[in-house]
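Undergrad: just a sequence and a predicted model for now, questions to come.
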Amino acid sequence: MIPAIHGLLIVLTPACTESDLIKDDNSTWSSPPTFENLALDSDPFVNAETKDSQLAVLHALFDPKTGYRLPGTYDKAKLEALFLDIRAGYFVKTEGIDEHIRREYHTFTHALDIVVTIHGLLREGGAVFLNEHEQSALVLAALAHDVLHCGVSNAFLINVNHPLATKWGAKSLQERRSADHTLMLLDKHKVLVAKDGMEDSLKNSIADTRTIIEEAILWTDMARHKEQMEKVAAALGKVIAVLEQVRKGGIGKGGATVEDVRTGVNVASLLDKETRILLAAFFLHCADISNPSKDWVLCERWAVIVMNEFFSQGDVERKLGHKLSMNCDRESVSVSKCQLGFGTYVIRSLLQLLEKLVYTAGSKSLENFEANHKHWEEIAKKEAESGKPYLMKLNPPSKEGGWLGELREGEDRVPNSRH
């Protein structure tokens, strides 16, 4: 196994004290989740608060009358069993890792957040590029995209010679593991499994749906970000030209809109399979790193959660004598500058490309991002003027939402502060 880690007694010094752990315990749904009211601005921490709330989201999205449809006969029991098995994978502990790493971000709450974000992106334009089965596949891919994630980077697993690196190799290590685990669970629960006697068209649809799930998960590897951006940019002109040919008057030109979806515009049959897979994967990538484009309270909350996970990896790297990974050194990394850098060099161009493809969802996300970017600039300015660092207040997901940490008994938890 990993002797260097296994033989090391590590006392992590979190970025905040336990008294800084906060949560809005008064958060509730304003109304139960439905296919129509789940949207880009839904609160993932409320949706993922309990197992029951999580199942409510599942059944809202896959409602047999109004929701997503997988190829084959609808089976509520099989779908729920698959959902719960995927969910269980987000609670699995990784030998040699979980003893030392605070896994706050890569939780089931994140997974459910990306599910609802994908749903919002599809409803606000993206659905016009995919057929109904491909849309359903993308929702399942979102659910499973980080299943079994260790809470550390692929590079960390390789650098410490973790057995997972030996088994899965250096290319898209955890993404490959998540994809394979998902396909195994589909087989186990007989969801998206071709059977003897099925019509060839249905078998082909099942095969295509499984392919989208696998490929979309693999494309969430941040190491492939530049490659993906180039491929989508190259396909953009052709895709929008097809969309404009199909549109009926009155909608306008440019990226797909919520009005396109409402009026039934769909160009999936006019796009080749490779292009549809590319677009589906791009949507999942956009959703996966969409935290900077959410409303400020959610943006800040996720930023603190992910930075705490980064810092816990850096703590272990320091103890092992390894070079600290980018953004993982709690002693030198500025949270605000880290968010500004990620926004400047990754998120802004990503959302600008999304806006050209899916105008309604993309423009809304870009507007939120720019507002949040100004918030981080203000925080960075205050830090520079005062000489005092930004005080992170950790507001983790619930235990049923996947956070594996512990709070002291009787500890007061209050709503997150705004800047």
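TA: Done, it's in.
Undergrad: which stretches of the stretch 1-150 of the chain form helices?
TA: In the stretch 1-150 of the chain, the segments counted as helices under DSSP state H, counting those that start in this stretch are 3-6, 44-47, 51-61, 76-89, 108-123, 132-144.
Undergrad: out of these, which gets nearest to Glu300?
TA: For Glu300, the closest of the helices of the stretch 1-150 of the chain is helix 44-47, at 12.6 Å, according to Cβ to Cβ. Glycine gets a C-beta too; all of them are placed from N, C-alpha and C.
Undergrad: quick check: mean pLDDT of that closest one?
TA: Helix 44-47 carries an average pLDDT of 97.
Undergrad: also stretch 204-220?
TA: Throughout stretch 204-220, pLDDT has a mean value of 97.
Undergrad: same check on stretch 357-371?
TA: For stretch 357-371, mean pLDDT is 98.
Undergrad: likewise stretch 283-296?
TA: The average pLDDT for stretch 283-296 rounds to 98.
Undergrad: mind listing what's buried along it?
TA: 283-294 (16 or more other Cβ atoms under 10 Å).
Undergrad: identify, from those residues, the entry nearest to Lys399.
TA: Checking these against Lys399 by Cβ to Cβ gives Asn291 as the nearest, at 21.2 Å.
Undergrad: what residues are up against that closest one?
TA: Residues counted as contacts of Asn291 (Cβ atoms under 8 Å, 6 or more residues apart in numbering) are 298-299, 302-303, 306.
Undergrad: ok, and the helix or strand in the chain with the lowest average confidence?
TA: Lowest on mean pLDDT, DSSP states H and E among the helices and strands of the chain sits helix 3-6, with a mean of 43.
Undergrad: okay, now Ala56: neighbour count?
TA: As a burial measure, Ala56 scores 16 neighbours (other Cβ atoms under 10 Å).
Undergrad: how about it: what's its closest non-neighbour residue?
TA: Nearest non-adjacent residue to Ala56, counting by Cβ to Cβ, 6 or more residues apart in numbering: Pro33, 5.4 Å away.
Undergrad: phi, psi for Val297 please.
TA: Main-chain dihedrals, Val297, degrees, to the nearest 10: phi -60, psi -40.
Undergrad: didn't Cys150 look like it was pressed against Thr94?
TA: Yes: if you go by Cβ atoms under 8 Å, Cys150 and Thr94 touch, sitting 4.4 Å apart.
Undergrad: please identify which of those two sits among more neighbours.
TA: Cys150 (25 against 18).
Undergrad: mind listing what that one touches?
TA: Contacts of Cys150 by Cβ under 8 Å, 6+ apart are 94, 97-98, 101, 103, 106, 157, 164, 174.
Undergrad: same thing but at 10 Å, please
TA: Shown in contact with Cys150 (Cβ atoms under 10 Å, 6 or more residues apart in numbering): 92-98, 101, 103, 106, 156-157, 162, 164, 173-174, 177, 313.
Undergrad: those, buried ones only, as a ChimeraX selection?
TA: Buried residues within those, by 16+ other Cβ under 10 Å, are selected in ChimeraX with:
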select :94,96,97,101,103,106,156,157,162,164,173,174,177,313
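Undergrad: can you check the pLDDT for the residue nearest to Ala56?
TA: 95.
Undergrad: how about the one 5 residues further on?
TA: The per-residue pLDDT reported for Leu38 equals 97.
Undergrad: give the contact list for the residue nearest to it when sequence neighbours are not counted.
TA: Spatially, and ignoring its direct neighbours in sequence, Leu38 is nearest to Val116 (5.2 Å; Cβ to Cβ, 6+ apart). Neighbouring residues of Val116 by Cβ under 10 Å, 6+ apart: 33, 38-44, 47-48, 57, 60-61, 139, 142, 287.
Undergrad: repeat that for 8 Å
TA: 38-39, 42, 44, 47, 57.
Undergrad: tell me the spacing between it and Glu383.
TA: Val116 sits 33 Å away from Glu383, going by Cβ to Cβ, to the nearest Å.
Undergrad: what do you get for Thr209?
TA: Per Cβ to Cβ, Thr209 is found 48 Å from Glu383.
Undergrad: sorry, back to before: just send the contacts of Asn291 back as JSON lines, with neighbour count and secondary structure too.
TA: Shown next, in JSON lines, are the contacts of Asn291 (neighbours: other Cβ atoms under 10 Å; DSSP: H, G, I helix; E, B strand; the rest coil):
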{"residue": "Leu298", "neighbour count": "22", "secondary structure": "helix"}
{"residue": "Cys299", "neighbour count": "22", "secondary structure": "helix"}
{"residue": "Trp302", "neighbour count": "22", "secondary structure": "helix"}
{"residue": "Ala303", "neighbour count": "22", "secondary structure": "helix"}
{"residue": "Val306", "neighbour count": "21", "secondary structure": "helix"}
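Undergrad: what pLDDT does the closest residue to Gly402 other than its chain neighbours get?
TA: Once flanking residues are discounted, Gly402 sits nearest to Thr107: 3.0 Å by Cβ to Cβ, 6+ apart. In this model, Thr107 is scored at 97, pLDDT.
Undergrad: wait, isn't Thr107 in contact with Tyr90?
TA: Yes: Thr107 is within contact range of Tyr90, at 6.0 Å (criterion: Cβ under 8 Å).
Undergrad: more crowded one of these two?
TA: Set side by side, Thr107 and Tyr90 show more neighbours around Thr107, with 26 against 23, by other Cβ under 10 Å.
Undergrad: show me what contacts the more buried one?
TA: Neighbours of Thr107 in contact, by Cβ under 8 Å, 6+ apart: 90, 397, 401-404.
Undergrad: least confident of those?
TA: Leu404 (80).
Undergrad: just the helices in the stretch 151-300 of the chain please.
TA: 154-159, 163-168, 173-188, 200-218, 225-246, 258-262, 273-288, 296-320.
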